[in-house]
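Participant: model the structure of this input:
(chains A, B, C and D)
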There are 2 protein chains.
Amino acid sequence: MTDQQLALKLYVVLSRAYLAVNRHSQLDIARHGLSHGEFAIMEVLFHKGPLLLGEVQRKILVSSGGVTYLVDRLEADGLVERRACETDRRARYAALTRKGEQFMKKIFPDHAASLERALAGLTSTEKKQAISLLRKLGTAAVDALPDRE
Amino acid sequence: MTDQQLALKLYVVLSRAYLAVNRHSQLDIARHGLSHGEFAIMEVLFHKGPLLLGEVQRKILVSSGGVTYLVDRLEADGLVERRACETDRRARYAALTRKGEQFMKKIFPDHAASLERALAGLTSTEKKQAISLLRKLGTAAVDALPDRE
DNA sequence: GGGTGTTATCTTAGTACTAAGATGCACTGC
DNA sequence: GCAGTGCATCTTAGTACTAAGATAACACCC
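Facilitator: Numbers count the residues shown, from 1 in each chain, chains lettered A, B, ... in the order given. As a prediction, this is how the structure comes out:
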């Protein structure tokens, strides 16, 4: 089998695995009234603390307009707030509000459990192998991407 | 590290890898005027031959309304046609037209090369490992999914 | 310190879907 | 052969984005 055939096959199984797992995640998140993109922002802020909007964009791989849209919605829900950046007046931080923080503390354990079930097809050892392979793959693919806007 | 922590990490790297690779694919497909979903249908018909719409739905993990929408668009472009099913008058086949067949023959090699580049972060050996892990993961995740509509 | 290019975010218009339900057809047991 | 149940596809209305460009602020060279 040529490397190209392997690449095609890999893309197919990668897509299927992601779409299926993502759907589990989506169904779980929808119970709390958030879209997948909204939750991705909540999650990254929950784990990394306040982040510049551009940093958020790079983390969740969404368009710049998408970040604005998603943060607007989360701000309207009172879960996230924008804060000024001291050193660069163009830039803004996104940060969880108290409400957002407590919301995540409440729902995140359930969400993690739901993901664990979705990924239960692999043993812990296999998960470790998959993580290391996918990390390598993802990093290379992100680097090869043309810049956004 | 607990299995749950591994699951969360795996989900993150899976998402990033898929989103990045998928974006390569999307940029390539857009050059030919198709959306990602449209191309997914073309591809599955190109490789498997005529398929019932329901089979297409299961292959590409899209909603039933989505299949109708996508096949409508491809039919309008003259790339795909619907055919009656002899044994079940509710069911319809989707099949590539001559034009669709030739279109795929023309663009598929380029697309495959573009994917090979997007996935070049992994060696052939690593690709094989990743395929087998992701296949196992995907199958389990699809099976655990609630039925669509 | 003014011009030139770059970066960060936001706005606007459009697209690719999804969800829910409608419709029409097929099978089953009676 | 008819009622009831379940599929296979399509329709309608709505949503979550993306693409392209606008705006404002910064940075660097002269």
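Participant: which residues sit in contact with A:G78?
Facilitator: When contacts are counted by CB atoms under 8 Å, 6 or more residues apart in numbering or on different chains, A:G78 touches A:97, A:99-100. Heads up, the C-betas are built off the backbone N, CA and C, glycines and all.
Participant: that one should be in a strand, yeah?
Facilitator: No: following the definition DSSP: H, G, I helix; E, B strand; the rest coil, A:G78 is coil and is not counted among the residues of a strand.
Participant: phi, psi of it?
Facilitator: Here is the backbone geometry of A:G78 (degrees, to the nearest 10): phi 80, psi 20.
Participant: cool, and A:E81?
Facilitator: With angles defined as degrees, to the nearest 10, A:E81 sits at phi -130, psi 150.
Participant: circling back: could you pick out the buried ones from the contacts of A:G78?
Facilitator: Judged by neighbour count, with 16 or more other CB atoms under 10 Å in any protein chain shown as the criterion, the buried members of those are A:G100.
Participant: the nearest residue to A:S114 once chain neighbours are set aside: neighbour count?
Facilitator: Spatial nearest neighbour of A:S114, chain neighbours left out: A:D28 (4.2 Å); criterion: CB to CB, 6 or more residues apart in numbering or on different chains. For A:D28, the number of neighbouring residues by other CB atoms under 10 Å in any protein chain shown comes to 19.
Participant: same check, this time on A:L74
Facilitator: If you count neighbours by other CB under 10 Å, A:L74 ends up with 23.
Participant: secondary structure class of the residue nearest the centre of chain A, three-state.
Facilitator: Centroid-nearest residue in chain A: A:A40, 3.9 Å away (criterion: CA atoms, centre = their mean). For A:A40, the secondary-structure state derived from three-state DSSP is helix.
Participant: still on that earlier bit, and the residue nearest to A:S114, what element?
Facilitator: When elements are defined using DSSP states H and E, A:D28 is found to belong to helix A:3-30.
Participant: any idea how far that helix is from the chain center?
Facilitator: On the basis of CA atoms, centre = their mean, to the nearest Å, helix A:3-30 is displaced by 15 Å from the centre of the chain it belongs to.
Participant: buried ones in stretch A:22-34?
Facilitator: Of the residues in stretch A:22-34, those buried (16+ other CB under 10 Å) are A:22-25, A:28-29, A:34.
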